[in-house]
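Engineer: Predicted model follows, preceded by the sequence.
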Amino acid sequence: MDVHVVDHPLAKARLSTMRDARTDSAAFRAALHELTVMLVYEATRDFPVRTERIHTPVALTDAYRLATPPLLVPVLRAGLGMADQAHKLIPDARMGFVGLARDEETLQPTPYMESLPDSLADQPVMVLDPMLATGGSMEFTIRLLVERGATDVTAVCALAAPEGIELLRESGLPLRVVTASIDERLNDSGFIVPGLGDAGDRQYGAR
Ligand SMILES: O=P(O)(O)OC[C@H]1O[C@H](OP(=O)(O)OP(=O)(O)O)[C@H](O)[C@@H]1O
Ligand SMILES: O=c1cc[nH]c(=O)[nH]1
Ligand SMILES: [Mg+2]
């Protein structure tokens, strides 16, 4: 499984804003929006393009577009804070939605919403969730996609725990991970250390 860490100084700066406990909700959302642009930009770097001939005002030249725009799948709630920015970068992408809430006792994901196309054969998919902690929520989401035929999945996360990366690696699922950081570890409550707290609560308030 390929794991790409986007450790650009501007990405680190946005992530630092998100980590800072003094950052309020509006500033947290703004930093996540900007970080998402950088992560999606890097995540699409090697996507195949199709060309067509166009006229500039001066001459004929090649124009480029993504050959197959990915299906974007934000994982609610926290992934909603990445959806609009990803969609702005890839305006012709379709969007699916998965809603999960992690049970904070068992750390297992509890699904409450799912809106996905029936078939994802030959359809690249980009899952958007700022946090990859135990990896349970991401694994659950990718299994939903694979059941529909997906074979090419990119998980885009603001930050990840080594435990979550390992779970995904051992799952054998067809995916790669793009993240701005792999943090130290999970604590006893399943939170990423040093992390940034609860990404859903920090954007939208406590559930
Ligand atoms: O890797 P895991 O251990 O599964 O944890 C990660 C999940 O936890 C957070 O969501 P949460 O369940 O807090 O829901 P929320 O987005 O509504 O806050 C986060 O956005 C991930 O979906
Ligand atoms: O640190 C964590 C772990 C799971 N979900 C979050 O939002 N933050
Ligand atoms: Mg949460």
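Structural biologist: Now that the structure is in, tell me what you want to look at. Ligands and ions are numbered 1, 2, ... in the order given.
Engineer: Which pLDDT does the model give the residue of the chain positioned farthest from its centre?
Structural biologist: For the chain, the residue at maximal distance from the C-alpha centroid (Cα atoms, centre = their mean) is residue 58, at 39.7 Å. Note on residue 58: pLDDT of 98.
Engineer: if I've got this straight, it is in a strand?
Structural biologist: No: checked against DSSP: H, G, I helix; E, B strand; the rest coil, residue 58 lies outside a strand; its state is coil.
Engineer: Can you tell me how far it is from residue 125?
Structural biologist: Distance, residue 58 to residue 125, using Cβ to Cβ, to the nearest Å: 39 Å. (C-beta placed from N, C-alpha, C; glycine too.)
Engineer: where's the closest residue to ligand 3 within the chain relative to residue 149, distance?
Structural biologist: Residue nearest to ligand 3 within the chain (Cβ to the ion): residue 200, separated by 3.2 Å. Distance, residue 200 to residue 149, by Cβ to Cβ: 29 Å.
Engineer: cool, and residue 103?
Structural biologist: Taking Cβ to Cβ, one finds residue 103 at 29 Å from residue 149.
Engineer: now residue 162
Structural biologist: 30 Å.
Engineer: ditto for residue 137
Structural biologist: Going from residue 137 to residue 149 by Cβ to Cβ gives 21 Å.
Engineer: who's more crowded, those two?
Structural biologist: In this view residue 137 and residue 149 are compared by other Cβ atoms under 10 Å, and residue 137 has more residues nearby, 26 against 13.
Engineer: Surely that one is within a strand?
Structural biologist: No: Residue 137 is assigned helix when assessed by three-state DSSP, not a strand.
Engineer: Quick one: residues contacting the closest residue to it other than its chain neighbours.
Structural biologist: Using Cβ to Cβ, 6 or more residues apart in numbering and skipping residues adjacent in sequence, the residue nearest residue 137 is residue 109, 4.4 Å away. Contact analysis of residue 109 by Cβ atoms under 8 Å, 6 or more residues apart in numbering lists 100, 101, 102, 103, 136, 137, 140.
Engineer: Need the per-residue pLDDT for residue 185.
Structural biologist: At residue 185, pLDDT is 98.
Engineer: can you tell me how far it sits from ligand 2?
Structural biologist: The spacing between residue 185 and ligand 2, counted by Cβ to the nearest ligand atom, to the nearest Å, is 11 Å.
Engineer: Then residue 164?
Structural biologist: From residue 164 to ligand 2 the distance is 9 Å (Cβ to the nearest ligand atom).
Engineer: what do you get for residue 13?
Structural biologist: On the measure of Cβ to the nearest ligand atom, residue 13 and ligand 2 end up 20 Å apart.
Engineer: where do the helices sit along this structure?
Structural biologist: Taking DSSP state H as the criterion, the chain contains helices spanning 9-19, 25-43, 80-89, 136-147, 162-171, 199-204.
Engineer: could I get those as CSV with mean pLDDT?
Structural biologist: Formatted as CSV, these follow (pLDDT from 0 to 100):
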stretch, mean pLDDT
helix 9-19, 98
helix 25-43, 98
helix 80-89, 98
helix 136-147, 98
helix 162-171, 98
helix 199-204, 98
